[in-house]
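Chemist: no FASTA, just this:
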Ligand SMILES: [Mg+2]
């Protein structure tokens with residue numbers, strides 16, 4: 001009888017080892033994307049031309065547009081086998097699921113299919129004692145440990161810096177601030193003559209806002225290598241890039257220019273891929 005019990009215990013232990021996915025290892029890295037104004041912009045009252053361009057995503061009666069470079073950034077992250085991609089938005093679960101299922105990679109997979117976790121408003125933590133009329137991000141917080149307990153290997157990209165749990169856990173140290181995003185304008189010309197917090201003041205500000213994810217791809221690849229080479233955590237390596245890029249200033253600097261130029265070269269030469277195998281001129 002004892003032998004039988006031992007055998008059952010052995011089988012159960014073996015099965016639990018077999019079903020443990022690589023994505024659950026403590027050493028794995030995690031990239032978490034906020035959705036609104038980080039990977040997509042909502043477009044209110046789009047022009048007929050923009051609707052006809054098929055660039056917009058219609059989800060629950062709202063139009064969205066994916067930021068430049070999103071798919072390319074996702075593919076580069078997916079190429080790193082020890083990095084998981086999750087999404088954590090204050091939007092509703094149904095909206096997030098539909099939106100992510102409509103953004104496709106070149107291999108046909110959607111962002112919802114490649115996601116490790118998709119977290120939504122239902123997963124937010126309510127802040128006790130917060131005033132009812134306080135901004136949403138002050139009343140509710142994202143608990144990054146719902147993605148991974150090991151925050152050292154986790155970075156979240158978010159346009160709102162303080163949308164995460166505060167206090168002892170200091171989740172803020174694991175947020176890469178994307179800066180306050182501007183509204184979407186197809187060209188800077190559309191923004192000229194307008195004013196406000198969410199309007200780019202110059203062509204350069206408009207260009208930087210539209211290409212943050214293009215720049216982020218280069219920063220991610222460098223930070224990934226640096227974390228391995230320099231023995232620092234992935235989170236720390238990404239936070240160093242956040243400081244250097246300083247997206248919240250809305251100004252270009254040598255770091256953002258350098259990561260953007262690498263990408264521009266590819267565009268200049270007709271989409272040739274220098275860091276891949278194929279180069280077409
Ligand atoms: Mg956001």
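Modeler: Structure received. A quick note: this is a predicted structure, and the numbers were derived from the prediction, not measured.

Chemist: what bridges to the residue most central in space within the chain?
Modeler: By CA atoms, centre = their mean, the mean C-alpha position of the chain lies nearest to residue 33, the distance being 2.7 Å. Counting by DSSP bridges, residue 33 forms beta bridges with residue 87, residue 157.

Chemist: wait, doesn't it sit right on residue 154?
Modeler: No - the pair residue 33 and residue 154 does not pass the contact test of CB atoms under 8 Å, sitting 11.9 Å apart. The C-beta positions use only the backbone N, C-alpha and C, and glycine is treated the same way.

Chemist: the stretch 101-250 of the chain: strands as residue ranges?
Modeler: Per DSSP state E, counting those that start in this stretch, the stretch 101-250 of the chain carries strands over the ranges 118-119, 125-126, 140-141, 154-158, 175-177.

Chemist: which other helices and strands contact the second one?
Modeler: To tie it back to what came earlier, the one meant is strand 125-126. strand 140-141 (3 or more CB pairs under 8 Å, 6 or more residues apart in numbering; DSSP states H and E).

Chemist: for the third one, same thing?
Modeler: Packing contacts for strand 140-141, counted by 3+ CB pairs under 8 Å, 6+ apart, involve strand 125-126.

Chemist: which stretch of helix or strand covers residue 96?
Modeler: Residue 96 is located in helix 93-102, with elements delineated by DSSP states H and E.

Chemist: and the ion, is that helix touching that?
Modeler: No - under the criterion of CB under 5 Å from the ion, the ion is not reached by helix 93-102; the shortest gap measures 11.7 Å.

Chemist: who's in contact with that helix?
Modeler: Here helix 93-102 makes contact (CB atoms under 8 Å, 6 or more residues apart in numbering) with 35, 40, 57, 59-60, 64, 87, 89, 91, 110-113, 115, 118, 120-122.

Chemist: again, only using 10 Å
Modeler: Residues outside helix 93-102 that contact it (CB atoms under 10 Å, 6 or more residues apart in numbering) are 33, 35-36, 39-40, 56-60, 62, 64, 66, 87-92, 110-115, 118-123.

Chemist: ok, which of the residues you listed also contact the ion?
Modeler: Near the ion, judged by CB under 5 Å from the ion, the entries from the contacts of helix 93-102 are residue 36.

Chemist: buried ones among the contacts of helix 93-102?
Modeler: By neighbour count, with 16 or more other CB atoms under 10 Å, the contacts of helix 93-102 hold 33, 35-36, 39-40, 56-57, 59, 64, 66, 87-91, 111-112, 114-115, 118-120, 123 as buried.

Chemist: tell me which residues in the helix holding residue 96 are buried?
Modeler: In helix 93-102, counting by 16+ other CB under 10 Å, buried: 95, 96, 97, 99, 100, 101, 102.

Chemist: quick one: the second one and residue 176, what's the gap?
Modeler: In this structure, residue 96 and residue 176 are separated by 20 Å, where distance is defined by CB to CB, to the nearest Å.

Chemist: again with the fourth one
Modeler: Residue 99 is 21 Å from residue 176, where distance means CB to CB.

Chemist: again, but for the last one
Modeler: When distance is defined by CB to CB, residue 102 is 25 Å away from residue 176.

Chemist: now swap in the first one and tell me
Modeler: Distance, residue 95 to residue 176, using CB to CB: 24 Å.

Chemist: before we move on, back to that, right, and out of the buried residues of helix 93-102, which lies closest to the ion?
Modeler: Using CB to the ion, residue 96 comes nearest to the ion of these, at 11.7 Å.

Chemist: confidence score at that closest one?
Modeler: Per-residue confidence at residue 96 stands at 98 (pLDDT).
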